[in-house]
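K.L.:
coords below, sequence missing:
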């Protein structure tokens, strides 16, 4: 008695042993990117943590980049815009976080390059105004300086924002 007939192999449909895992890595990476945008290094780490080997991760990253789903410059630019607008972060803090997420220095600089001195100063002044603390004493100005530098603004710009805010309050 003959067993069930095996499906005949069709030319060009033979699969490599790792092809299914590479496709699964691609699909899981795509799903992860649709939930939350990530950089290449962050996504590679995420896939590796889910048991995919280096070749599978590399293949998935290459395909995701090729189809335009993974783009470190786009990620860095959007991340910088969001942190500027929603959190009031300055360029130093944004750059540190992006570097920590594995974004290349030149891409970070490109993403931060759109933020000029006047825009940074206006954002820093708005942050100080939202805090609502009068800057009449040295202690208040010192707290404001610490606040702005924690947010990622350099000292010079922070001093300027504090001086301008103090003048406006007077």
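P.N.:
Yep, it's here. These numbers were taken from a predicted model, which means no experiment stands behind them.

K.L.:
Figure out how far whichever strand or helix holds residue 124 is from the centre of its chain.
P.N.:
Applying DSSP states H and E as the criterion places residue 124 in helix 117-131. In terms of C-alpha atoms, centre = their mean, to the nearest Å, the centre of helix 117-131 is found 22 Å from the chain centre.

K.L.:
Check which residues of that helix are buried.
P.N.:
Within helix 117-131, the residues that count as buried by 16 or more other C-beta atoms under 10 Å are 120-121, 123-125, 127-128. For the C-beta atoms, the positions are set from N, CA and C on the backbone; glycine is no exception.

K.L.:
Now do it: everything it contacts.
P.N.:
Applying C-beta atoms under 8 Å, 6 or more residues apart in numbering, the set of residues contacting helix 117-131 from outside is 84, 88, 90-91, 135, 144, 147-148, 151, 153, 157-158, 160-162, 164-165.

K.L.:
Looking at the buried residues of helix 117-131, which is nearest residue 78?
P.N.:
Closest approach between the buried residues of helix 117-131 and residue 78, by C-beta to C-beta: residue 123, at 17.3 Å.

K.L.:
From residue 31, how far out is residue 24?
P.N.:
Distance from residue 24 to residue 31, counting by C-beta to C-beta, to the nearest Å: 11 Å.
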